[in-house]
Each structure stands twice: as structure tokens, then as C-alpha cells.
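In: compute the structure for the input listed below.
(one chain, ligands or ions: 1)
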Amino acid sequence: MYFKYEALECPKCTRHSLVQRDENVYACINCDFKKDFARPLIQPAKNSRSSVVELVAMLAGALVLLVLL
Ligand SMILES: [Zn+2]
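Out: Have a look, this model is predicted:
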């Protein structure tokens with residue numbers, strides 16, 4: 001069985017049968033190896049979003065202090 005597209009080498013069975021199954025998921029069609037690239041990419045995004053929320057909260061607090069003064 002041959003594939004026209006380029007397949008990556010599987011680290012588990014060392015055969016070039018690693019194909020992209022989803023946007024961030026690579027799976028081997030020869031064995032049950034599976035690699036998900038989505039998890040490490042989501043965590044920094046969550047951290048940057050929470051820091052933005054903290055910044056907005058700080059600015060809101062500063063505005064409240066200015067209004068009270
Ligand atoms: Zn494999």
C-alpha cells in the first residue's frame with residue numbers, strides 16, 4: 001500500500017505511516033501511535049488571556065479610585 005502524500009516517520013514502529021488525522025493530531029496507520037499537538041498550544045493562550053483580564057481589572061480599579069477622589 002503506497003501513499004502519494006508525504007508521511008512522517010512513526011517513532012513507535014519506525015515506518016513512514018504517520019499521517020495528519022485532525023488539525024493538531026497525528027496518528028500512525030500501522031500501529032496505535034497518536035500525537036496531539038493541540039494541548040501545549042492552548043495553555044499559553046489561556047495564560048495570556050488571564051493576564052489581559054488582570055490588566056483590565058487593574059485599570060477598572062484605578063478608574064474607581066479616580067472617581068472616588
Ligand atoms: Zn506506528
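In: hmm, which helix or strand of the chain has the shakiest average pLDDT?
Out: Within the chain, no helix or strand scores below helix 38-68, which has a mean of 76 by mean pLDDT, DSSP states H and E.
In: okay, now residue 11: neighbour count?
Out: Residues near residue 11, counting by other Cβ atoms under 10 Å, number 10. All C-beta atoms are positioned from the backbone trio N, CA, C, and that covers glycine.
In: so what's it closest to, chain neighbours aside?
Out: Nearest residue to residue 11, sequence neighbours excluded (Cβ to Cβ, 6 or more residues apart in numbering): residue 33, at 7.0 Å.
In: for that neighbour, grab the count of nearby residues.
Out: 16.
In: residues contacting it?
Out: 10, 11, 12, 13, 18, 27 (Cβ atoms under 8 Å, 6 or more residues apart in numbering).
In: and those residues as CSV, adding distance to residue 57 and pLDDT?
Out: Listed next are these as CSV, based on distance: Cβ to Cβ, whole Å; pLDDT from 0 to 100:
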residue, distance to residue 57, pLDDT
10, 47, 94
11, 44, 93
12, 46, 95
13, 51, 96
18, 44, 92
27, 42, 94
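In: these: which ones sit near the ion?
Out: For the ion, the contacts drawn from those by Cβ under 5 Å from the ion are 10, 12, 13.
In: gap between the first one and residue 60?
Out: Between residue 10 and residue 60 the distance, using Cβ to Cβ, to the nearest Å, works out to 51 Å.
In: who has more neighbours, these two?
Out: Counted by other Cβ under 10 Å, residue 10 and residue 60 do not tie: residue 10 has more neighbours, with 20 against 10.
In: near the ion, which residues of the protein are found?
Out: So the chain meets the ion at 10, 12, 13, 28, 30, 31, 33 (Cβ under 5 Å from the ion).
In: which residues touch stretch 6-13?
Out: Outside stretch 6-13, the residues touching it (Cβ under 8 Å, 6+ apart) are 15, 16, 17, 18, 19, 26, 28, 30, 31, 33.
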